[in-house]
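Participant: Predicted model and sequence below, questions to follow.
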Amino acid sequence: MGAGLDGRMLNSRRVARASVLVIVLAALAVCAPAGASSGSLSSDVWFLQDGRPTAAARSAPGIPGIVRALLAGPNRKERAQGLRTAIPTGTAIRDLRISRQVVTVDLAARFTSGRDATSLQARVGQLVRTLRDVPGVRGVRVRIEGGVPIGLFPGYDLRRIVREAVPEETASGLRDVQELLAALGFMAPTGVTGQPGDETSVAVLAFQKWAGLARTGVLDAQVTSALDRATRPVPMLDRPGKRVEILLGRQVALEIVDNRVERVFHISSGAAGRTPSGAFHVYRKERMSWSVPFSTWMPWASYFTGGIALHAYPSVPAYPASHGCVRMMARDAPLMYAFATYGTPVDVVREYA
């Protein structure tokens, strides 16, 4: 009887290990792009050419295969073209896991050999860029020999890697910030250009509002530090389907689908509490609406209660300033107009905390 019990316990442990393996494999499959059911993943791995990050196409069996392709270094043809790697030859993967779209890679100690700052920054940069190029991956955590993470992106400052290892590539740091703002929902992907401009400033302002920072629209050290720690915003209310949340305290509007925040918009609502809180819905839409009381045009107007609408307006300050409507930037209002179709719920929340 004792032997039978031991056998059943051993089988239970084997089943448990098999279950864990299935879960890990399933998690890896989540990040594979559509059409990759064969197990083959096509993505870029990043090497260096004259000190600059340079991509090389690879096809490999899943994310672990892509990482192994990176660790193997450039092939003969790529080396002839001048591609090099900062990662020491023979570096091995000890473990690789995915949780909530963050890939955690545990590498052998060889990865940190010859540990001068420039070389280490370059090799971590190669690894982070490679994994961030895989569809569905939102963050990368790097461990060495199972120890404390040496870096996290978000959380690991890839901008510093680019500035110090490749100082002439000045636009890359801003591009990385823009990519993070877009990944978190504060900017449209089309705004990721590597160039400064109004779209980036407004996205930074929306993030500052959400994070409770000073509302300046300036990308400073406090903002970049907060961005590195940030996660995608979550709605105040738990409701199914497509809807809009307007947070009067934070002065932002959220586009939400099945409780996932798709976009966060900078807004300016009614001064002195003139925008009412409550549960409403879009009941009228006009691409070019004329306000009779105030004799002004309100483009891309989506009315959700009385004469109050979400609409474009030339001035959208960081504080409540309207007569009751919800002002939006001219770039953002058409996006909200397309999202907030007839009948779309609009929840206006006065308090947050």
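Facilitator: Received it, and whenever you're ready, just let me know what you need.
Participant: going forward, measure contacts between C-alpha atoms and count neighbours the same way
Facilitator: Will do.
Participant: tell me the contacts of the residue nearest to residue 145 when sequence neighbours are not counted?
Facilitator: Excluding the flanking residues, the one nearest residue 145 by C-alpha to C-alpha, 6 or more residues apart in numbering is residue 108, at 5.4 Å. Neighbouring residues of residue 108 by C-alpha atoms under 8 Å, 6 or more residues apart in numbering: 91-94, 144-145.
Participant: The residues you listed into CSV, with extra columns for neighbour count?
Facilitator: As requested, the contacts of residue 108 are exported to CSV (neighbours: other C-alpha atoms under 10 Å):
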residue, neighbour count
91, 17
92, 17
93, 18
94, 14
144, 19
145, 16
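Participant: among those residues, which are in strands?
Facilitator: Among the contacts of residue 108, the ones falling in strands (DSSP state E) are 93-94, 144.
Participant: Around residue 101, how many other residues sit close by?
Facilitator: 17 (other C-alpha atoms under 10 Å).
Participant: Begin at 296, not 1, for the rest of this chat.
Facilitator: From this message on, residue numbering opens at 296, which makes the last subject residue 396.
Participant: just checking, it touches residue 429?
Facilitator: No - using C-alpha atoms under 8 Å, residue 396 is not in contact with residue 429, being 10.5 Å away.
Participant: List the contacts of the nearest residue to residue 579 once chain neighbours are set aside.
Facilitator: In this structure, residue 579 finds its nearest non-sequential neighbour in residue 598, 5.1 Å apart by C-alpha to C-alpha, 6+ apart. Listed by C-alpha under 8 Å, 6+ apart, the contact set of residue 598 reads 577-580, 604-605.
Participant: Now for those: which two are most distant?
Facilitator: 578 and 605 (11.8 Å; C-alpha to C-alpha).
Participant: Look up the residues that both of those two are in contact with.
Facilitator: Joint contacts of residue 578 and residue 605 (C-alpha under 8 Å, 6+ apart) are 597-599.
Participant: okay, those residues in JSON lines with pLDDT next?
Facilitator: Listed next are the shared contacts of residue 578 and residue 605 as JSON lines, based on pLDDT from 0 to 100:
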{"residue": "597", "pLDDT": "97"}
{"residue": "598", "pLDDT": "97"}
{"residue": "599", "pLDDT": "98"}
